[in-house]
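Trainee: Give me coordinates for this.
(one chain, ligands or ions: 1)
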Amino acid sequence: MIWGRRALQHVKRFKRLPFQPEGLHRCMSAATQNLVVEMDGKSGVAVVKLNKPPVNSFNLEFLTEINILMEKLENDKSCRGLILTSNNNKIFSGGLDIMEMYNPQPDRLAEFWRTLQGMWLSLYGSRLATIAAINGHSPAGGCLTALSCDYRIMAPGFTIGLNETQLGIIPPFWFVESMINVTGQRQAEVCCQKGLMMTTEQAHSIGLVDDVVPGEAILERAHNEMKNWLKVPDFARQLTKRQIRKPTMDRLIAKRDEDIQNFVQFITKDSVQKAMGVYIDQLKNKAKK
Ligand SMILES: CCCCC/C=C\C/C=C\CCC/C=C/C(=O)SCCNC(=O)CCNC(=O)[C@H](O)C(C)(C)COP(=O)(O)OP(=O)(O)OC[C@H]1O[C@@H](n2cnc3c(N)ncnc32)[C@H](O)[C@@H]1OP(=O)(O)O
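Mentor: Predicted coordinates:
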């Protein structure tokens, strides 16, 4: 993995705050530029809040920060579980940063995609029990992030889905396989081909979301669910997860460079760039209204 200079500056900013008593147990807080991390030393559960305004979209630097944090948590023996949520109670994540894909520099575009692959591989293959507390809209890359967790709890009133085809983009095979592995082939066929953005209730009805809980109760519910996952001996749970997820991960690992080439070739096509320009204008105009 290649870390850019800006990313390394972020690591230096990852300050460990002094232990603070919280209730009966101790809690460690930490912050990078765009992530808020609360580590409960007693339960071994880290709550990670995406905190990149305005919509938690993933650009190269943000993905790099997440990858560095994932590596820290993976290496922290006291950490057993991860709850992933957003600090913005309306948007979990707006997906990939569209500006990374518009008029791109090919080298940066390739690094961006490799870093996204890295994030997916580390979250999808994490030894930690992972729960997405989806407290806002979650299109495309936001949906992929939630799909990479072991369990999904979503607040009502929002939408989620792999909507790439609606933007004239082909979702890569590992996006689609992540959906198939959660919802089954038939539901994945329908929602990926049609690029459906589903309401919380629709997503729940096809198994994309495991549980629906009001936004204000979502973290409490995630902590309670985490307790259930952590009742299982870590070693048994981790190896079982690995057994189930390894074939999908191995397919990307075997084709990582080819997948990057496909992405760069596809995104830099004139027709795709033109469509993206129109889409960005629509987003900006909508934001102005
Ligand atoms: C067989 C061969 C196969 C080959 C295949 C090869 C390769 C595959 C190719 C490509 C794969 C790419 C996969 C892409 C994945 C993605 O994630 S693409 C991104 C998709 N995301 C979206 O479409 C979300 C768009 N945004 C929204 O729907 C909404 O903004 C919202 C997130 C629901 C939030 O709505 P709201 O609260 O009303 O906020 P605004 O719309 O007003 O937005 C605020 C500002 O944020 C900017 N923004 C929104 N989303 C993004 C984004 N994704 N990236 C960058 N910026 C974003 C928006 O423009 C506003 O900005 P300004 O305030 O105007 O500056």
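Trainee: Go through the helix ranked longest in the chain and flag the buried ones.
Mentor: Counting by DSSP state H, the longest helix found in the chain is helix 234-254. With burial defined by 16 or more other CB atoms under 10 Å, the residues of helix 234-254 counted as buried are 237, 238, 241, 245, 248, 249, 252. All C-beta atoms are positioned from the backbone trio N, CA, C, and that covers glycine.
Trainee: Okay, angle between whichever helix or strand comes after it and helix 234-254 too, please.
Mentor: Next along the chain after helix 234-254, taking DSSP states H and E as the criterion, comes helix 256-267. Helix 256-267 and helix 234-254 are oriented at 60 degrees to each other (axes from the mean of the first three to the mean of the last three CA atoms, to 10 degrees).
Trainee: Helix 256-267 and the ligand, any residue contact?
Mentor: Yes: judged by CB under 6 Å from any ligand atom, helix 256-267 and the ligand are in contact via 262, 263, 266, 267.
Trainee: Next, residue 37: secondary structure please.
Mentor: strand (DSSP: H, G, I helix; E, B strand; the rest coil).
Trainee: which residues does it contact?
Mentor: 29, 30, 31, 46, 47, 48, 49, 69 (CB atoms under 8 Å, 6 or more residues apart in numbering).
Trainee: Report how many residues lie close to the closest residue to residue 214 other than its chain neighbours.
Mentor: Excluding the flanking residues, the one nearest residue 214 by CB to CB, 6 or more residues apart in numbering is residue 155, at 6.2 Å. Using other CB atoms under 10 Å, the number of residues around residue 155 comes to 23.
Trainee: Could you pull up the residues touching residue 155?
Mentor: 134, 135, 136, 200, 212, 213, 214, 215, 218.
Trainee: Quick one: mark the members of those residues that sit in helices.
Mentor: Going by DSSP H, the helices hold 200, 218 from these.
Trainee: sorry, back to before: go ahead and build a PyMOL selection from the buried members of the residues of helix 256-267 next to the ligand.
Mentor: To isolate the buried ones among these in PyMOL, judged by 16+ other CB under 10 Å, type:
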select buried, resi 263+267
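Trainee: Adding pLDDT and distance to residue 279 as columns, could you present the residues of helix 256-267 next to the ligand in JSON lines?
Mentor: Below are the residues of helix 256-267 next to the ligand laid out as JSON lines (pLDDT from 0 to 100; distance: CB to CB, whole Å):
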{"residue": "262", "pLDDT": "97", "distance to residue 279": "20"}
{"residue": "263", "pLDDT": "97", "distance to residue 279": "17"}
{"residue": "266", "pLDDT": "96", "distance to residue 279": "15"}
{"residue": "267", "pLDDT": "96", "distance to residue 279": "13"}
